[in-house]
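> Please work out how this folds:
(one chain, ligands or ions: 1)
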Amino acid sequence: MTPAAELAIEGLSKSFDQEGTALHVLSDISFHTKPGEFMSIIGPSGCGKSTLLKIVAGLDLQHQGKVLLSGKPVDRPSQDKGFIFQEHRLFPWLTVEKNIAADLPLKDPVVRARVDEMIRLVRLTGFEKAYPKQLSGGMSQRVAIARTLLRNPQVLLLDEPFGALDAFTRNHMQEALLDIWRENRTTMLLVTHDIDEAVFLSNRIVVMDAKPGRIKTILPIDLPYPRNRIGTSFQELRTQVLKALEKEASPAADTWDI
Ligand SMILES: Nc1ncnc2c1ncn2[C@@H]1O[C@H](COP(=O)(O)OP(=O)(O)OP(=O)(O)O)[C@@H](O)[C@H]1O
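Prediction:
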């Protein structure tokens with residue numbers, strides 16, 4: 001397994017050109033994740049969360065400031081930076097196991113063993129030969145996670161991965177993600193709108209503001225795992241995140257899933 005990476009973001013700023021005018025999207029973003037840390041980013045719609053994640057993934061290189069993975073500048077997309085999107089992006093014509101293997105030959109015993117290990121990790125044993133249309137949204141997203149983890153990423157970047165799922169499946173997937181993290185210890189960077197999700201999963205939460213996107217505060221979530229969503233400490237931390245979001249809220253701030 002590839003060791004978990006330290007991710008360093010230093011003085012990151014980003015503008016888009018919109019019809020000849022510069023749209024200042026990210027302003028002086030700096031934070032570090034420790035190897036194996038679970039970090040979430042929360043903030044109003046349009047504050048640049050997805051843009052930030054794409055920059056970390058090496059999908060957008062037009063920015064100021066530095067992004068370093070294990071001390072090396074991120075200058076292109078690569079398999080050591082796994083990316084999970086809101087939609088699972090599976091190939092509908094391939095079975096679960098072939099979706100996970102993708103371009104790797106399943107006939108190779110090493111690949112076969114790794115695919116089986118990933119299927120066990122995401123709890124899809126018995127569904128190896130199923131097609132995406134036979135899976136629920138949560139199961140499909142677990143296949144996408146398995147496909148990404150098979151490539152041994154040093155960091156897993158998750159952009160609203162459970163945003164399209166119902167509340168029950170979402171809770172279940174959060175628990176599944178924690179199991180995977182506990183076993184795999186990949187560094188996690190999760191973008192979410194959901195305060196509960198961020199508090200349930202994270203070691204620390206980066207709270208952002210919009211126009212331009214900037215860091216308001218970084219909150220440590222010092223609760224032991226597994227976390228009890230209805231416990232007093234959980235509720236107190238949830239309130240703390242909400243207060244941080246609301247503090248000097250930008251007029252553009254959207255509604256929140258609380
Ligand atoms: N390729 C692009 N060209 C021009 N503007 C862009 C581009 N991508 C994003 N933007 C703008 O940058 C801002 C931030 O977008 P981004 O998707 O990163 O926000 P977000 O915080 O992830 O939003 P949401 O929570 O709604 O997904 C928005 O105003 C968006 O319109």
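
> hey, let's count contacts and neighbours off CA atoms from now on
Noted.

> Now do the strands in the stretch 51-200 of the chain.
64-69, 72-73, 81-84, 155-159, 187-192 (DSSP state E, counting those that start in this stretch).

> May I see these organised as TSV, with distance to residue 49 added?
Listed next are the strands of the stretch 51-200 of the chain as TSV, based on distance: least, Cα to Cα, whole Å:
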stretch	distance to residue 49
strand 64-69	15
strand 72-73	20
strand 81-84	14
strand 155-159	8
strand 187-192	6
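
> possible to save those strands as CSV with mean neighbour count, distance to the ligand and mean pLDDT?
Shown next, in CSV, are those (neighbours: other Cα atoms under 10 Å; distance: least, Cα to the nearest ligand atom, whole Å; pLDDT from 0 to 100):
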stretch, mean neighbour count, distance to the ligand, mean pLDDT
strand 64-69, 19, 15, 97
strand 72-73, 14, 21, 96
strand 81-84, 23, 14, 93
strand 155-159, 25, 8, 95
strand 187-192, 24, 8, 96
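
> Relative to residue 134, which of those is closest?
Of all the strands of the stretch 51-200 of the chain, the one in closest proximity to residue 134, counting by Cα to Cα, is strand 81-84 (20.5 Å).

> So which residues of the stretch 151-258 of the chain form helices?
Secondary structure of the stretch 151-258 of the chain (DSSP state H, counting those that start in this stretch): helices at 167-184, 195-201, 232-246.

> Most tightly packed of these?
Highest mean neighbour count of the helices of the stretch 151-258 of the chain: helix 195-201, a mean of 22 (counted as mean count of other Cα atoms under 10 Å).

> Would you mind pulling the contact partners of that helix?
Applying Cα atoms under 8 Å, 6 or more residues apart in numbering, the external contacts of helix 195-201 come out as 38, 40-42, 174, 178, 192, 205, 221, 227-229, 234, 237-238, 241-242, 256-258.

> Compute the number of surrounding residues for residue 71.
Using other Cα atoms under 10 Å, the number of residues around residue 71 comes to 11.

> For it, give its distance to the ligand.
To the ligand, residue 71 is 25 Å away according to Cα to the nearest ligand atom, to the nearest Å.

> Just list the residues touching that residue, thanks.
Residues in contact with residue 71, defined by Cα under 8 Å, 6+ apart, are 6-8.

> Now, of the residues you listed, which are buried?
Buried members of the contacts of residue 71, counted by 16 or more other Cα atoms under 10 Å: 6-8.
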